[in-house]
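K.L.:
Fold the stuff below for me.
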Amino acid sequence: LTFRDLLIFVMDAQCLFLEIYSFMDWVLITQPRISSGIGTLTINSSWMGAFTHESDMCNKLHMAGVPVWYVCTMVYIPTNMKVIK
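P.N.:
Numbers count the residues shown, from 1 in each chain. Okay, here's the model as predicted:
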């Protein structure tokens, strides 16, 4: 086992642990908020967030406290839209 192999193993393990940690957050925190329909007023800034093309999923993730970015073409953006920070 070379140093490079050990380094690759550690990087893969870190990636796996982060995926498990994020999955646990999804199952224990986010999914119940989406299922219940009870939204939150605070966005969890420690989460990376999500990009989506679907407006319904964007709304659900926002209501669950997930930072979310709605990706759409300019055609679907109303001219009178206001962005509130």
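K.L.:
for the lengthiest helix in the chain, which positions count as buried?
P.N.:
When the chain is parsed with DSSP state H, its longest helix is helix 3-25. Across helix 3-25, burial judged by 16 or more other Cβ atoms under 10 Å covers no residue at all. Using the backbone N, CA and C atoms, a C-beta is placed for each residue, glycine as well.
K.L.:
got the contact list for the residue nearest to Arg33 when sequence neighbours are not counted?
P.N.:
Nearest residue to Arg33, sequence neighbours excluded (Cβ to Cβ, 6 or more residues apart in numbering): Ala64, at 4.0 Å. Going by Cβ atoms under 8 Å, 6 or more residues apart in numbering, Ala64 touches Ile29, Thr30, Gln31, Arg33, Ile34, Gly39, Thr40.
K.L.:
Among these, name the buried ones.
P.N.:
Burial by neighbour count, judged by 16+ other Cβ under 10 Å, picks out Thr30, Arg33, Ile34 from the contacts of Ala64.
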